[in-house]
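Engineer: Model the following, please.
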Amino acid sequence: GTDTEQVLIPASQEIEVYHLCFSANGSRVLFDGLRFSDNRYVVGYVDLNTKAVRVTRAFDTKWDDFQAFG
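Structural biologist: Numbers count the residues shown, from 1 in each chain. Take a look at the predicted model:
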């Protein structure tokens, strides 16, 4: 609505994001990507209220697709 940009995942997190999904019921942006610090594929979210970045799972293989419902 305001044509402004905001950094959600800072460079200090060292995560290359592959997919993003917005979850309206939790005010979160869900993502998957590669975490450079340990070279693992991760799934996590950004809480839009607190701007906190949380990684919830780490995997050894990359996902082909990432979708969120709800």
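
Engineer: And the strands in the chain?
Structural biologist: Taking DSSP state E as the criterion, the chain carries its strands at 15-23, 28-35, 40-47, 53-59.

Engineer: Let me see the confidence value for residue 44.
Structural biologist: Per-residue pLDDT puts residue 44 at 94.

Engineer: Below-threshold pLDDT in the chain: ranges please.
Structural biologist: Residues of the chain that meet the criterion pLDDT under 70 lie in 1, 69-70.

Engineer: Centre-most residue in it?
Structural biologist: residue 31 (2.9 Å; CA atoms, centre = their mean).

Engineer: That one contacts residue 22, doesn't it?
Structural biologist: No: look at residue 31 against residue 22 with CB atoms under 8 Å: they stay out of range, at 10.4 Å. No exception for glycine: its C-beta is placed from N, CA and C like everyone else's.

Engineer: right, and the strands of the chain - which one's nearest residue 65?
Structural biologist: strand 15-23 (7.2 Å; CB to CB).

Engineer: could you say what helices and strands the closest one packs with?
Structural biologist: strand 28-35, strand 40-47 (3 or more CB pairs under 8 Å, 6 or more residues apart in numbering; DSSP states H and E).

Engineer: partners of the closest residue to residue 66 other than its chain neighbours in the sheet?
Structural biologist: Excluding the flanking residues, the one nearest residue 66 by CB to CB, 6 or more residues apart in numbering is residue 19, at 3.7 Å. Judged by DSSP bridges, the bridge partners of residue 19 are residue 32.

Engineer: Look at residue 19 and say how many residues are nearby.
Structural biologist: A count of neighbours around residue 19, defined by other CB atoms under 10 Å, yields 15.

Engineer: How about residue 67?
Structural biologist: There are 8 residues near residue 67, going by other CB under 10 Å.

Engineer: surely it meets residue 21?
Structural biologist: Yes: the pair residue 67 / residue 21 is scored as a contact, 6.4 Å apart, by CB under 8 Å.
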